[in-house]
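Novice: From the sequence below, what's the structure:
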Amino acid sequence: MTEPTSHVERQIQARIAAAKVRVQAAKKRRDELSAARRRGLAHRHAQKLRNQAQRRDQTPEPPRTEP
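Specialist: Below is the predicted model of the structure:
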């Protein structure tokens, strides 16, 4: 690509470059939030399973009646 010759062309190129930086930053931010969400959901699910197991262990079994 050739170097922009006019002041306007240089400004346009600078705006395009700035827009690319903003798009990349937004993508990185979305990726980081998505990863944090996945970690949070995995932690929440694991805690839920631990709570269910704890309740199951603490709940006394009803007495069995034999016919």
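
Novice: Specify the local secondary structure of Pro60.
Specialist: The three-state label given to Pro60 by DSSP: H, G, I helix; E, B strand; the rest coil is coil.

Novice: Then His43?
Specialist: His43 is classified as helix under three-state DSSP.

Novice: ok, it to Ile12 distance?
Specialist: His43 sits 47 Å away from Ile12, going by C-beta to C-beta, to the nearest Å. From N, CA and C alone the C-beta is placed, and that goes for glycine too.

Novice: now do Ala36
Specialist: 36 Å.

Novice: how far away is the residue positioned nearest the centre of the chain from Val21?
Specialist: The centre of the chain sits closest to Ser34, judged by C-alpha atoms, centre = their mean, with a distance of 1.4 Å. Noted for Ser34: a distance of 20 Å to Val21, by C-beta to C-beta.
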